[in-house]
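A.B. asks: Need the 3D shape of this:
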Amino acid sequence: MKTFVGSILTSNGTNMLTAVNGGGLGGPDSGPGVVALHTDATSAAAWETFKLILQPGSPPIGPGMRFALQTSSGVNYLTAVNGGGVGGPNDATCPIHTDATSAGAWEIFTLLVDDSVNPPTVQIMPFTALPLTGGHYLTAVNGGGVGGPNTQPVHTDATSVGAWEQFSFSAPAPVSPVEPTSIAINCNTNINGPANGNIAGSISLSMLPDGTYSFSGKENNSNWFPYDMSVAVVVVSSTGTALTFTASGNIDAGLPWDNNNWSWSNTGINSTIQAIWDDLAGYKWYYNVSANLDVGDLLNGVLTAAKTAGTIIQTVVTVVGALS
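C.D. replies: Residues are numbered from 1 along each chain as shown. Alright, predicted model coming up:
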């Protein structure tokens, strides 16, 4: 997905949006009078840096594009409560949150561009699935410069565009993230001595930017008994999306008259892989093989091991095989 990375200036040309703590604030119980967004910063640091993420199915970058705004935490997103229409100082419903960790309807915005001025200004509309209710715009009160614990610097209840509804980006050029051109995971497996032998083999997983994947492998059993086999591989993106690949089947005993090999092969195209491809830069992966665990239990064990290792998992997406 194409992205911008930069700051969002208010209409006074001096102030910019600040996501307090780099995001993660929301609701009236996050602290006495605390608001998630300020507009009193006059220079850009981490909290003033946002990642504008073009959404699947959006028009190209420009007017009408649909996007999510991720805060500098790399985890949280801006939320327009109720899809917009919330405002007023000290409003306990808090028009803007920054504690969402995935982009749903309230986290999607639409861009309107006014290129009659230089630099071009934009209006940011919370995207709503109910357009007949009328659109709303982000408002920076006083054109920016409002902060402090007892004010609500950003509203979402404007239904027409004035000066306070104009913003501009400090880095309007698209940024090309460092994305892998492909992902290839290969490993050897070995289960020692379930019954006087071992089960050994290999796993291969590949993915491409268009969502194409190939998940395959082979195991050989030198034990005296057959087994129910399970394999699980989990690939976790930098934003906490876990892609899961599993396979299960039977393997015969390692006896001369038995076919003591088990193999699997799955290929396809997955829309989630395509949608989060830029977030797979710096991915982490985990796996396990078992000759006695149910495949669902094995997958849950791999997910638990990933979390125990400190990997943040926000969303689990089944690409191949069993549900977690």
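
A.B. asks: Which strands or helices does the helix or strand hosting residue 40 pack on?
C.D. replies: Taking DSSP states H and E as the definition, residue 40 sits inside strand 37-41. Helices and strands touching strand 37-41, by 3 or more Cβ pairs under 8 Å, 6 or more residues apart in numbering; DSSP states H and E, are strand 16-19. From N, CA and C alone the C-beta is placed, and that goes for glycine too.

A.B. asks: List of residues touching the strand it packs on?
C.D. replies: Contacts with strand 16-19, where a contact means Cβ atoms under 8 Å, 6 or more residues apart in numbering, come from 7-10, 25, 36-42, 44, 47-48, 50, 71-72, 76, 78, 98, 140, 144, 147, 154, 167, 170.

A.B. asks: Now for residue 297, how many residues are close by?
C.D. replies: Neighbourhood size, residue 297 [other Cβ atoms under 10 Å]: 14.

A.B. asks: a helix runs through it, doesn't it?
C.D. replies: Yes. Counting by DSSP: H, G, I helix; E, B strand; the rest coil, residue 297 is part of a helix.

A.B. asks: For it, give its distance to residue 250.
C.D. replies: In this view, residue 297 and residue 250 are 17 Å apart by Cβ to Cβ, to the nearest Å.

A.B. asks: and what of residue 137?
C.D. replies: 60 Å.

A.B. asks: Give me the more crowded residue out of these two.
C.D. replies: Taking other Cβ under 10 Å, residue 137 and residue 250 do not tie; residue 137 has more neighbours (23 against 10).

A.B. asks: There's contact between that one and residue 165 in this structure, I believe.
C.D. replies: Yes. With contact defined as Cβ atoms under 8 Å, residue 137 counts as touching residue 165 (4.4 Å).

A.B. asks: what about the stretch 151-300 of the chain, any weak spots by pLDDT?
C.D. replies: 151-152, 170-179, 192-197, 258 (pLDDT under 70).

A.B. asks: What segments of it are helices?
C.D. replies: Remark: helices assigned in the stretch 151-300 of the chain by DSSP state H, counting those that start in this stretch are 271-275, 295-308.

A.B. asks: Distance to residue 14 for these - can I get that in TSV?
C.D. replies: What follows is those, written out as TSV (distance: least, Cβ to Cβ, whole Å):
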stretch	distance to residue 14
helix 271-275	36
helix 295-308	43
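
A.B. asks: Out of the contacts of strand 16-19, which sit inside strands?
C.D. replies: 8, 9, 37, 38, 39, 40, 41, 50, 78, 98, 140, 154 (DSSP state E).

A.B. asks: And the furthest pair within these?
C.D. replies: Within the ones in strands among the contacts of strand 16-19, 9 and 98 form the most distant pair, 18.5 Å apart (Cβ to Cβ).

A.B. asks: any idea how far residue 139 is from residue 302?
C.D. replies: 46 Å.

A.B. asks: the more surrounded of these two?
C.D. replies: residue 139 (26 against 21).

A.B. asks: follow-up on the earlier one: can you say which of the helices of the stretch 151-300 of the chain is nearest to residue 282?
C.D. replies: Evaluated with Cβ to Cβ, the helices of the stretch 151-300 of the chain place helix 295-308 nearest to residue 282, the distance being 14.6 Å.

A.B. asks: Could you identify the helix or strand that succeeds that closest one?
C.D. replies: Following helix 295-308 toward the C-terminus (DSSP H and E): strand 315-320.

A.B. asks: quick one, that following strand and helix 295-308 angle?
C.D. replies: For strand 315-320 against helix 295-308, the angle by axes from the mean of the first three to the mean of the last three Cα atoms, to 10 degrees is 140 degrees.

A.B. asks: Dump the C-alpha coordinates for strand 315-320 into CSV.
C.D. replies: Taking Å, rounded to 0.1, in the frame of the first residue of the first chain, the C-alpha atoms of strand 315-320 are listed here in CSV:
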residue,chain,number,x,y,z
THR,A,315,-4.9,-9.6,14.5
VAL,A,316,-4.7,-13.3,13.4
VAL,A,317,-5.5,-14.0,9.8
THR,A,318,-5.8,-17.6,8.6
VAL,A,319,-4.2,-18.0,5.2
VAL,A,320,-4.0,-21.8,5.0
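
A.B. asks: list the contacts for residue 282?
C.D. replies: Contacts of residue 282 (Cβ under 8 Å, 6+ apart): residue 238.

A.B. asks: What segments of the stretch 201-324 of the chain are strands?
C.D. replies: Along the stretch 201-324 of the chain, counting by DSSP state E, counting those that start in this stretch, strands occupy 212-221, 227-236, 241-251, 261-269, 284-290, 315-320.
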